[in-house]
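K.L.:
Provided below for reference: sequence and predicted model.
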Amino acid sequence: MNFNKQNGASFFKILRMESEVVLPLPSVFAKKHLENGDSLTQPIVLETISGDKWEVKYAKIKDGYYFVDGWFDFVKQNRLEKHDFVVFWLMSPSPNVIFQVFFYALNECLKEPLTGLNNIIRPIAPNVGHRSDDSGASDGNKPCMVKETNDNGSLTNRKLFKRIVCRTYLNYMRLTEDFETVTGIDCNVVKRVRLMNDDGKKFKVTITTWKRGLKSVPIPHLTGGWSEFLKDNNVEIGDICVFAHVKRKLLHVHVEKGKKRGRRTSNKST
């Protein structure tokens with residue numbers, strides 16, 4: 001293997017779980033080599049020894065540093081597994097960061113990456129952290145889809161979680177504690193996201209973070225615009241909302257009709 005020692009910086013990770021959605025990075029390394037001014041996110045290129053490339057998103061979320069959007073593709077398409085030893089060698093410093101990546105299996109032998117992917121860099125959107133425009137004009141009228149594939153080759157979104165709609169969730173929807181880490185959306189910066197239904201229609205919804213107790217962890221919630229989403233999509237108490245992260249600030253919500261559906265009631269007193 002031919003390392004470019006011009007920079008000489010590198011780090012390794014032992015994969016802790018199969019098909020890991022995000023990759024936590026060493027804080028010391030990230031602060032020194034990846035932080036780029038006030039930018040919360042930036043694209044990173046990962047190149048294997050076969051010459052194939054993937055563009056992933058590096059994100060600083062609170063006090064943590066991660067590879068987020070695109071990392072799942074890299075893991076899945078290179079068939080990385082739990083306990084694989086992965087070495088990242090910095091070939092080009094910030095702002096155009098390129099890593100050459102090597103994989104080692106449990107038998108301590110170098111794993112050959114998959115080839116034949118046409119050396120196409122997976123496209124991602126730039127700098128979601130400081131984008132104030134929620135209109136999605138650059139997306140056109142078509143839903144933005146992350147190219148993740150199932151074993152049968154079909155495209156899929158990245159499933160996050162699902163919730164059974166109870167009476168409380170008619171007013172707001174609680175997200176998950178790891179929502180920011182998994183999606184790369186910093187809820188201290190991003191105040192609105194877009195929800196897309198199965199027909200491709202999009203809705204702007206406010207995202208608000210609050211604690212459920214003095215010692216609890218702050219959790220993001222969908223607030224303003226959530227009730228309108230439910231009404232427009234005929235969501236009733238007892239239905240199941242399945243959330244998936246599509247791209248940037250876009251979430252897909254698939255609604256499964258519950259067996260015991262309840263009638264929606266107005267919150268306003270008469």
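P.N.:
Received it, and whenever you're ready, just let me know what you need.
K.L.:
okay, CA-based contacts and neighbour counts for the rest of this
P.N.:
Will do.
K.L.:
which non-adjacent residue is nearest Glu55?
P.N.:
Val45 (4.5 Å; C-alpha to C-alpha, 6 or more residues apart in numbering).
K.L.:
state the helix or strand in which that neighbour lies.
P.N.:
Applying DSSP states H and E as the criterion places Val45 in strand 41-48.
K.L.:
after that strand, which helix or strand is next?
P.N.:
Following strand 41-48 in sequence, per DSSP H and E, is strand 53-61.
K.L.:
how much space separates the closest residue to Gly70 other than its chain neighbours from Val97?
P.N.:
In space, and not counting its chain neighbours, Gly70 is closest to Val56: 4.3 Å by C-alpha to C-alpha, 6+ apart. Computed as C-alpha to C-alpha, to the nearest Å, the Val56 to Val97 distance reads 11 Å.
K.L.:
between the two, which one's more packed in?
P.N.:
Between Val56 and Val97, counted using other C-alpha atoms under 10 Å, the more crowded position is Val56 (24 against 17).
K.L.:
count of neighbours near Leu34?
P.N.:
With other C-alpha under 10 Å as criterion, Leu34 counts 23.
K.L.:
out of the helices and strands in this structure, which is least certain?
P.N.:
Using mean pLDDT, DSSP states H and E, the weakest-scoring helix or strand in the chain turns out to be strand 148-149, at a mean of 36.
K.L.:
report the set of residues contacting both of Val56 and Val97.
P.N.:
Pro43, Ile44, Val45 (C-alpha atoms under 8 Å, 6 or more residues apart in numbering).
K.L.:
how many residues are close by the first one?
P.N.:
Which is Pro43. 24.
K.L.:
ok, it touching Lys57?
P.N.:
Yes - assessed by C-alpha atoms under 8 Å, Pro43 is found in contact with Lys57 at 4.7 Å.
K.L.:
nearest residue to the middle of this structure?
P.N.:
Thr183 (2.8 Å; C-alpha atoms, centre = their mean).
K.L.:
unless I'm mixing things up, it is touching His245, no?
P.N.:
Yes - using C-alpha under 8 Å, Thr183 is in contact with His245, at 6.6 Å.
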